[in-house]
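okay, sequence plus prediction incoming.
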Amino acid sequence: MLNLDRQNQYRARYQSETKDWQPSGDAYEATIRRYLSKDSVFLDLGCGRGGLPEKLSQEQFSALYGLDPDIASLTEYRAPDVRLANGLADDLPYKGNSFDVVIATWLFEHLPTPEQTLTELHRVLCPSGKLILLTPNVKHPLLWANRISQLLPAIQGKLVERLYDRAEADTFPVTYKANTPAALRNLAFKANLQVKELQIIPDPSYLAFNDVMYQLSVGMEKLLPRSWGVHLLVVMEK
């Protein structure tokens, strides 16, 4: 089993062995913070039970919002100062020009209508507001396997639970309608958003169940085209 602690140990090892590489989570948070000020009105889209707003709420950021369709997650949310709402990404319950920064962490792979979601985000972002998202890159072979496993969702849920120590209830269906650089650029263009930054980030830790698998995964990453890196970190601007 590869739980999060063990996976992070292999990520730390890869970082120590690889010049100028950051785990996608670290690169994502650093990118978000570059666009934040204490006065920013901030929305975590698909907020789940917590995340970056938990840190920000302890750093005197006050205008923090979170939206999620899952009532159970909102009920268990860990930061009391975040203003939570129940809703869907393609029908946001906010007025236009409301947010300076919106983040979407592991969300876009699940969206059934990403073009509508981006249109809604264009509406609620302030002028020059930023959408910052982190999502898988469907070009990576690991995502090919995940797409096949989605054909048998019950088996896929059990497999994720057994291999990665993640509750089956926290494994959600994926659509991968916005999961290549070209798709994201095209969808942004249609929603009148500009892609300001697009990083493709490799990560061999997903198959690092032991040292041998780690070495094999690192070797595979070296052979893959750079454009097939497993994570996409994107900044869009209104």
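Perfect, thanks for sending it. The structure displayed is predicted, hence computed values, not measured ones.

which strands or helices does the longest strand anywhere in the chain pack on?
The residue-count maximum for a strand in the chain (DSSP state E) belongs to strand 125-136. Contacts defined by 3 or more CB pairs under 8 Å, 6 or more residues apart in numbering; DSSP states H and E place strand 125-136 against helix 24-34, strand 99-105, strand 231-237. In this view, the C-beta of every residue, glycine as well, is placed from N, C-alpha and C.

quick check: angle from the first one to strand 125-136?
Using axes from the mean of the first three to the mean of the last three CA atoms, to 10 degrees, one finds that helix 24-34 and strand 125-136 are set 170 degrees apart in direction.

and the next helix or strand past the helix or strand bottoming out on mean pLDDT in the chain?
Sorting the helices and strands of the chain by mean pLDDT, DSSP states H and E puts helix 153-164 at the bottom, at a mean of 47. Going down the chain from helix 153-164, the next helix or strand is helix 181-190, by DSSP states H and E.

so which bits of that following helix are buried?
Using 16 or more other CB atoms under 10 Å as the test for burial, helix 181-190 gives Pro181, Ala183, Leu184, Arg185, Leu187, Ala188.

quick one: that helix to strand 125-136, angle?
Put simply, helix 181-190 runs at 160 degrees to strand 125-136, going by the same axes, to 10 degrees.

oh, and call the first residue 371 from now on, that's how I've got it
Okay, residue one is now 371; in that scheme the one you just asked about reads as helix 551-560.

how far does helix 551-560 sit from the chain's center?
Remark: helix 551-560 is offset 17 Å from the chain centroid, using CA atoms, centre = their mean, to the nearest Å.

orientation of that helix relative to strand 601-607 in degrees?
Going by the same axes, to 10 degrees, helix 551-560 makes 20 degrees with strand 601-607.

surely Lys500 is in contact with Phe469?
No. Applying CB atoms under 8 Å, one finds Lys500 not in contact with Phe469, separated by 9.1 Å.

measure the residue of the chain most remote from its centre to Pro572 for me?
In terms of distance from the mean C-alpha position of the chain, Val582 ranks first, at 28.2 Å (CA atoms, centre = their mean). Per CB to CB, to the nearest Å, Val582 is found 19 Å from Pro572.

nice, that's everything, thank you.
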